[in-house]
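A.B. asks: Sequence unavailable; structure follows:
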């Protein structure tokens with residue numbers, strides 16, 4: 001009987017697998033980011049958007065957990081999801097935040113494979129909103145400041161949170177790949193260098209990198225697979241940017257979760273099970 005340790009295999013199947021739950025730090029990161037945006041940066045999203053999003057993610061998760069598992073539990077992940085939606089989505093009407101929030105939690109509960117959700121809840125819900133009702137739901141990366149102070153703050157907090165979640169390799173692989181493909185768009189397709197690499201200095205892409213792409217439940221367990229995962233997301237994002245498709249990073253993450261993460265999870269689960277049962 002082989003004793004497989006979590007530290008050596010890096011298997012993350014539950015938040016209890018962490019010595020310190022990184023979701024609390026992520027919650028602090030997102031809430032601080034939203035507060036700074038409201039107080040100093042003049043974000044388009046208002047406190048009403050935050051309240052609506054968090055309220056509907058929380059209530060939806062409480063209801064579905066009670067309905068499906070017959071128990072009550074504090075919806076920490078739902079609160080984080082709600083704040084993320086209020087930051088990444090922009091709309092003139094509040095019902096858009098409510099619909100996105102309900103979709104995010106409902107699809108997380110319904111689209112599952114071997115005990116875990118396949119897609120990042122925020123990403124899947126936002127992609128659906130962008131695709132089906134683009135006149136009401138948009139992402140506005142240009143609203144984010146490029147001030148050096150906020151960039152340093154995001155960088156420090158983002159690195160700290162992703163390190164605790166054991167997903168710093170995903171961030172570094174994605175950002176390096178994004179820069180490499182950006183240079184490729186510049187030299188091969190003639191994209192202006194600032195347009196190709198500029199998003200790296202924008203808080204919108206950094207928030208995507210530190211918060212959305214690093215979801216421990218929807219990224220691969222092994223380091224090599226996570227690096228491949230991040231490179232593929234950056235590659236598909238680069239293709240979409242060449243063809244000037246709006247919101248490329250969100251669509252890229254959705255596609256890679258579907259075409260890479262699902263087959264990988266099926267393979268790695270079986271492999272892990274075989275190792276443990278030997």
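C.D. replies: Okay, I see it. Please read all numbers here as calculations on a predicted model, not as lab measurements. Residues are numbered from 1 along each chain as shown.

A.B. asks: can you map out the helices along the stretch 51-200 of the chain?
C.D. replies: 76-88, 95-110, 121-132, 148-164, 168-189, 193-197 (DSSP state H, counting those that start in this stretch).

A.B. asks: Could you point out which residue ranges in the chain have low pLDDT?
C.D. replies: 1-20, 41-42, 115, 140-148, 150-151, 203, 266, 268-278 (pLDDT under 70).

A.B. asks: Recalculate using a threshold of 50.
C.D. replies: 1-13, 270-278 (pLDDT under 50).

A.B. asks: so who does the residue nearest the centre of the chain touch?
C.D. replies: When C-alpha atoms, centre = their mean is applied to the chain, the residue found nearest the centroid is residue 212 (1.1 Å). Residue 212 is in contact with 84, 88, 120, 122, 123, 253, counting by C-beta atoms under 8 Å, 6 or more residues apart in numbering. All C-beta atoms are positioned from the backbone trio N, CA, C, and that covers glycine.

A.B. asks: hmm, back to that, quick check: which of the helices of the stretch 51-200 of the chain is buried the most?
C.D. replies: Per residue and on average, the most neighbours among the helices of the stretch 51-200 of the chain fall to helix 76-88, with a mean of 24 (mean count of other C-beta atoms under 10 Å).

A.B. asks: Touching, residue 56 and residue 101? I think so.
C.D. replies: Yes. Look at residue 56 against residue 101 with C-beta atoms under 8 Å: they come within range, at 3.7 Å.

A.B. asks: Need the overlap of contacts for the two.
C.D. replies: By the contact definition C-beta under 8 Å, 6+ apart, residue 56 and residue 101 are jointly contacted by residue 82.

A.B. asks: what two of the contacts of residue 212 are the furthest from one another?
C.D. replies: Using C-beta to C-beta, these reach their maximum pairwise distance at 84 and 253, which is 13.0 Å.
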